[in-house]
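[1] Return a 3D structure for these sequence lines:
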Amino acid sequence: MKRFKLFGSFAVFAATFAAPAFAQKDACTLLTQEQVASIVGVPVTSAKLAVGAVSQACTYRTAASGATSMGLITVSVYKVSLPTPDAGLLIVPGDTLTPVAGIGDEAVMDANTHELKFRVGDRWSVISTRGAPCAGDDIGASREVKDACELKRNAMLTALAKAAAATK
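    Numbering: from 1, shown residues only. Here you go, the predicted model:
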């Protein structure tokens, strides 16, 4: 409940001072469906934009889904200028962050949420591969298979973030 109250207050503040450049860049323009399909390795069937008070998200639905994969890749763009990813919006207590070089001006991978958060100028974006497909990653799969899928999803995440960060 405390997290919701903090986020709600921040959302009102952020909506009031939203960066004007946000309206010029929607989340679905950072990556094309073809780029996502090429990186993930399966066709993308749709890309849907959702606009919120402080962010917008583009959800790419892939042709793959299974017991542990919804076949979804999400790209979110935040309309507020934050000095760091932990400035009250992108990071929650308990997240495990690892700096990632070579993506935008600054980037961190969150091991707990399978997200890569990166900054280009004053725009923070978040890419999630939690729903990315991985062959054999089904309920009851061995730890070895699950670990291999985790590495594959992290590689997808890094490639998607590099491509999105390169979008002007």
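
[2] which is the next helix or strand following the lowest-mean-pLDDT helix or strand in the chain?
    In the chain, the helix or strand scored least confidently by mean pLDDT, DSSP states H and E is helix 2-16, which has a mean of 37. Counting by DSSP states H and E, the element after helix 2-16 in chain order, helix or strand, is helix 33-40.

[3] List the buried residues of that following helix.
    33, 35-37, 39-40 (16 or more other C-beta atoms under 10 Å). Backbone N, C-alpha and C define where each C-beta goes, glycine included.

[4] What residues of whatever helix or strand comes next after that helix count as buried?
    Heading C-terminal from helix 33-40, the first helix or strand you meet, by DSSP H and E, is strand 44-51. Buried residues in strand 44-51, defined by neighbour count with 16+ other C-beta under 10 Å: 44, 47.

[5] in its sheet, what does the next helix or strand after strand 44-51 sit against?
    Under the assignment DSSP H and E, the closest C-terminal helix or strand after strand 44-51 is strand 55-62. For strand 55-62, the paired strands and their directions (DSSP bridges) read strand 44-51 (antiparallel), strand 72-78 (antiparallel).

[6] Show me the shaky parts of this structure.
    Within the chain, the segments meeting pLDDT under 70 span 1-25, 64-70, 79-94, 136-138, 168.

[7] Please repeat the previous calculation with a cut-off of 50.
    Applying pLDDT under 50 to the chain flags the ranges 1-24, 67-68.

[8] Which single helix of it contains the most residues?
    Determined from DSSP state H, the single longest helix within the chain is helix 143-165.

[9] residues of that one that come out buried?
    If you call a residue buried by 16+ other C-beta under 10 Å, then helix 143-165 has these buried ones: 148-149, 152-154, 156-165.

[10] with the buried residues of helix 33-40 in mind, which one is nearest to residue 126?
    residue 36 (15.1 Å; C-beta to C-beta).

[11] Help me confirm that that closest one comes into contact with residue 44.
    Yes - under the criterion of C-beta atoms under 8 Å, residue 36 makes contact with residue 44 at 5.0 Å.

[12] joint contacts of these two?
    Residues touching both residue 36 and residue 44 by C-beta atoms under 8 Å, 6 or more residues apart in numbering: 60, 62, 73.

[13] and residue 113, how many residues sit next to it?
    Neighbour count of residue 113, defined by other C-beta atoms under 10 Å: 16.

[14] Am I right that it falls within a helix?
    No - applying DSSP: H, G, I helix; E, B strand; the rest coil, one finds residue 113 to be coil, outside a helix.

[15] which residues does it contact?
    95, 128, 130.

[16] From these, which land in strands?
    128, 130 (DSSP state E).

[17] okay, the contacts of residue 113 in CSV with neighbour count and distance to residue 53 next?
    Below are these laid out as CSV (neighbours: other C-beta atoms under 10 Å; distance: C-beta to C-beta, whole Å):
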residue, neighbour count, distance to residue 53
95, 16, 22
128, 22, 19
130, 15, 23
